[in-house]
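In: the following block contains a protein sequence and its predicted model.
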Amino acid sequence: RVRPKVELAPLLTVQYRVLIKRPDGTEGESSVASVFHPGDQLRLGVTANQDGFLYIVYQKEGQDGVIQFPDSRVNHGENQVGRNQEFVLPPINCPAPDPSECWYRVNSDPQKEYFIIVFSRDQILDLPNSAGGSSDEVRQALSSGVLKKEVIDSYLKSARVQDYKIYSRPPSANSPASRYAIWVTNTNRSDNEEIILRVPLNKGM
């Protein structure tokens with residue numbers, strides 16, 4: 001009797017990419033490794049290949065972070081997301097009197113800046129999971145829009161980056177909109193529950 005073939009679940013993978021609006025008004029996709037200059041406006045697009053929970057935080061080096069996702073304007077304020085669904089932040093249709101507020105604006109501040117991306121198959125209870133919040137501590141974080149530096153440091157230290165495979169456009173990718181995207185795969189099948197990334201913003205003065 002032939003045993004049925006066991007299909008392994010896909011390894012957890014996150015894709016991220018940068019969208020840019022230049023000072024002359026032209027828009028497009030940019031390499032994450034590009035150097036961005038004051039006057040550039042950016043958006044960050046994140047996609048996971050599994051259903052799960054997405055958290056995005058913007059942080060200046062050495063400071064508390066600013067919660068970017070969950071966002072009350074996106075996905076009904078929830079951070080539970082579906083596989084292969086891209087979330088772009090700030091949201092493209094964000095309601096703002098000034099359209100430029102729907103972009104992250106690069107400034108001349110020399111301080112290093114990062115986007116922290118956390119994707120987990122399971123909900124992380126001590127991180128914000130909806131625009132409504134849960135615990136008092138999480139509700140306070142959401143109402144202030146701030147995540148403490150110590151919490152961010154703790155998650156970054158827990159990341160098993162030695163298990164991550166980081167690569168550019170794989171041969172199987174067929175979307176022209178992802179030609180500059182970065183893919184990150186957690187290759188550890190025994191601990192394949194989450195991916196934690198710190199994406200630097202390269203700025204030229």
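Out: Alright, I've got the coordinates. Numbering: from 1, shown residues only.
In: from here on, just use CA atoms for contacts and neighbour counts.
Out: Will do.
In: how far does stretch 107-125 sit from the chain's center?
Out: Distance of stretch 107-125 from the chain centroid (CA atoms, centre = their mean, to the nearest Å) equals 6 Å.
In: that stretch: which residues count as buried?
Out: Buried residues in stretch 107-125, counted by 16 or more other CA atoms under 10 Å: 107, 113-121.
In: endpoints of stretch 180-189, how far apart?
Out: Terminal residues of stretch 180-189 are spaced 27 Å apart (CA to CA, to the nearest Å).
In: still on that earlier bit, in strands only, show me the buried residues of stretch 107-125.
Out: 113-120 (DSSP state E).
In: the bottom helix or strand of the chain by mean pLDDT?
Out: Using mean pLDDT, DSSP states H and E, helix 136-144 stands out as the lowest-scoring helix or strand of the chain, at a mean of 51.
In: which residue lies nearest the spatial centre of the chain?
Out: I117 (3.9 Å; CA atoms, centre = their mean).
In: pretty sure that residue contacts Y55?
Out: Yes - using CA atoms under 8 Å as the test, I117 is close enough to Y55 to be in contact (5.9 Å).
In: helices of the chain, start to end?
Out: 136-144, 149-158 (DSSP state H).
In: alpha carbons only: can I get the longest one in PDB?
Out: Output of helix 149-158 as PDB, limited to C-alpha atoms (Å, rounded to 0.1, in the frame of the first residue of the first chain):
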ATOM      1  CA  LYS A 149      11.300  51.400  22.500                       C
ATOM      2  CA  GLU A 150      11.800  48.700  25.100                       C
ATOM      3  CA  VAL A 151       9.000  46.600  23.500                       C
ATOM      4  CA  ILE A 152      10.400  47.100  20.000                       C
ATOM      5  CA  ASP A 153      13.900  46.100  21.200                       C
ATOM      6  CA  SER A 154      12.500  43.000  22.900                       C
ATOM      7  CA  TYR A 155      10.900  41.800  19.700                       C
ATOM      8  CA  LEU A 156      13.900  42.600  17.500                       C
ATOM      9  CA  LYS A 157      16.100  40.600  19.900                       C
ATOM     10  CA  SER A 158      13.700  37.600  19.700                       C
END
